[in-house]
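> Dropping a prediction and its sequence here:
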Amino acid sequence: MQIYLVGGAVRDKLLGVATQDRDWVVVGGHPDQLKALGYQQVGADFPVFLHPQTKEEYALARTERKTGLGYQGFSVEFDSSVTLEEDLARRDLTINAMAEDDQGRLIDPFNGKADLDKRRLRHVSPAFREDPLRVLRIARFAARFHHLGFTIAKDTQDLLRLMADSGELQHLVAERVWTEMSRALGETTPSEYFKVLKRCTALAGLFPELDRLFGVPQTMRWHPEVDTGLHTLKALDWARAQTDDVEVLLATLCHDLGKGLTEATMLPSHHGHEQLGANLLRDIAKRMKWPKGPALLAETVARHHTLCHRLSEQSPVAVLDLLKNLNAFRQPSRVEQFGLACAADFYGRSGFERFNYPQRDLLSRYASACLTIAAAPFVQQGLTGKAIGAAMDQARVELLTELIGTDV
């Protein structure tokens, strides 16, 4: 029985970057051997074992054979006769198909080290096309390593397009698509994920509402970059530079989806895109099975982001209504999330980096002030039920009136 370090840990070691996790392959081994050594078996499809001390994953060397549609349409074969090279051959990219033995020697049957040096993402074999999920994985790796100069090899790019055009991506379950997208949003350059999917035509099938933003014009005065899709991705990268909060990043990505529904006769203006986008997001979140928290923030940002841009023009009552729509008094963190997404929309415009966006801090200031209004004094006055809430709102309006007056 021989054990090898494989995959991302080997790749990241050669790149000189921090390793997120370490995976191991066991060649010539049997489940009973590992169990006898104290390894804990997990996984239903094929034997994966957790090391008794480190809890790192050790998998028996295996091969895969395509048997049906989608990423689950595979039969997995494992026994002590499967070689290390056969195991590595089933992997997606050459840079992920390297191994290291217990002496630290590199095993590289598919020239992954050369591709790593050339900053090239290249598929291992034609079997790559059997798994449609790999289209999303390649896009995610492109987003992770774009800042290091990595690009997708032409033959791999051509293969991605063939896979997208085959229609097999439609067999991916929504939850798995969300998993890949949410992870991509947290990569260093998340815009590259969507650019890769756009180039290979996969975006149109997976997220058509985002795909149709590209080529939709906006008023140049407010959007020098003009193209709505480009603005969206620029805003997303700005937001990612500030936070890794997936809820904020998804909301930023979706804030202008309503502009894809603007009638041609109205362009480049987009009056009413906020409501259109918010309504659209309800259906999108249901279809794509997004978690409730991210979906709700995305809808809220789509509906109210332009109100935040005009915050200094709003009446105290309108500001209070906005805070209540954000659920600011039960979930104060929503104010910061909303303000950050709105700031991303502002800074996602060519040349706007040199301007300030005070609305974000103003909104936080107004919310913090309103949170000082407590129910207890009104209860002591003998108020009950809805009268308490009404009195608190009146006190908040009076406080906001004073604050807004000093901000003018």
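Arrived safely, thanks for sending.
> Could you check how far stretch 191-211 is from the centre of its chain?
In terms of C-alpha atoms, centre = their mean, to the nearest Å, the centre of stretch 191-211 is set 13 Å apart from its chain centre.
> tell me the mean pLDDT for that stretch?
Here stretch 191-211 scores 97 as its mean pLDDT.
> end to end, how far does that stretch reach?
This stretch, stretch 191-211, spans 13 Å end to end (C-alpha to C-alpha, to the nearest Å).
> And it, what's buried?
Buried residues in stretch 191-211, defined by neighbour count with 16 or more other C-beta atoms under 10 Å: 191-203, 206-207, 209-211. For glycine as for every other residue, the C-beta is placed from the backbone atoms N, C-alpha and C.
> Helix or strand with the lowest mean pLDDT in the protein?
Least confident helix or strand of the chain, by mean pLDDT, DSSP states H and E, is strand 74-78 with a mean of 63.
> same for the helix or strand that that strand is followed by, what does it pack against?
Going down the chain from strand 74-78, the next helix or strand is helix 84-89, by DSSP states H and E. Counting contacts by 3 or more C-beta pairs under 8 Å, 6 or more residues apart in numbering; DSSP states H and E, helix 84-89 packs against strand 2-6, strand 23-27, strand 62-66.
> Helices of the stretch 251-400 of the chain, residue ranges please.
273-288, 292-309, 316-325, 333-347, 359-370, 376-380, 386-407 (DSSP state H, counting those that start in this stretch).
> Show me the one of those helices that comes nearest R90.
Proximity to R90 (C-beta to C-beta) singles out helix 273-288 among the helices of the stretch 251-400 of the chain, at 28.6 Å.
> what is the rounded mean pLDDT of that closest one?
For helix 273-288, the mean pLDDT works out to 96.
> Next, the angle from it to helix 292-309.
170 degrees (axes from the mean of the first three to the mean of the last three C-alpha atoms, to 10 degrees).
> In helix 273-288, which of the residues would be classed as buried?
273-274, 276-278, 280-281, 284-285, 288.
> Can you report how many residues lie near R221?
7 (other C-beta atoms under 10 Å).
> in the chain, what spans have low per-residue confidence?
43-46, 64-76, 407-408 (pLDDT under 70).
> residue contacts, E274?
Going by C-beta atoms under 8 Å, 6 or more residues apart in numbering, E274 touches 258, 302-306.
> Kindly recompute the last result at 7 Å.
258, 302-303, 305-306 (C-beta atoms under 7 Å, 6 or more residues apart in numbering).
> re earlier: output the buried residues of helix 273-288 in TSV; the columns should cover distance to Y347.
Shown next, in TSV, are the buried residues of helix 273-288 (distance: C-beta to C-beta, whole Å):
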residue	distance to Y347
H273	19
E274	19
L276	23
G277	19
A278	22
L280	24
L281	22
I284	24
A285	25
M288	27
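> ok, those vs G28, which is closest?
So of the buried residues of helix 273-288, ranked by how close each gets to G28 (C-beta to C-beta), first place is M288, at 43.0 Å.
> of the contacts of E274, closest to L5?
Closest approach to L5 among these (C-beta to C-beta): A302, at 44.8 Å.
> Surely the closest one is in contact with N279?
No: contact between A302 and N279 fails when scored by C-beta atoms under 7 Å: they sit 8.8 Å apart.
> Looking at the helices of the stretch 251-400 of the chain, spot the one closest to A264.
Of those, nearest to A264 by C-beta to C-beta is helix 273-288, at 13.9 Å.
> ok so, going back, for I138, state which of the buried residues of helix 273-288 is nearest.
Using C-beta to C-beta, the buried residues of helix 273-288 come closest to I138 at M288, 20.1 Å.
> quick one: the nearest residue to that closest one once chain neighbours are set aside and G112, what's the gap?
Leaving aside its chain neighbours, M288 sits nearest to A174 (5.2 Å; criterion: C-beta to C-beta, 6 or more residues apart in numbering). In this view, A174 and G112 are 32 Å apart by C-beta to C-beta, to the nearest Å.
> Compare the two (neighbour count), which wins?
G112 (26 against 13).
> show me what contacts D102?
Going by C-beta under 7 Å, 6+ apart, the list of residues near D102 reads I3.
> In which helix or strand does it reside?
Using DSSP H and E, D102 falls within no helix or strand.
> what are the phi and psi angles of it?
Main-chain dihedrals, D102, degrees, to the nearest 10: phi -70, psi -10.
> for this protein, which residue is closest to the average position?
Centroid-nearest residue in the chain, with C-alpha atoms, centre = their mean: L185, separated by 2.5 Å.
> State the distance from it to A369.
32 Å.
> from memory the residue nearest to M288 sits against K286, does it?
No: at 9.5 Å, A174 does not count as touching K286 under the criterion of C-beta under 7 Å.
> Which neighbours do the two have in common?
Counting by C-beta under 7 Å, 6+ apart, nothing touches both A174 and K286.
> Make a markdown table out of the helices and strands packed on helix 84-89 and add mean neighbour count and distance to G293.
Formatted as a markdown table, the helices and strands packed on helix 84-89 follow (neighbours: other C-beta atoms under 10 Å; distance: least, C-beta to C-beta, whole Å):
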| stretch | mean neighbour count | distance to G293 |
| --- | --- | --- |
| strand 2-6 | 19 | 35 |
| strand 23-27 | 21 | 30 |
| strand 62-66 | 15 | 35 |
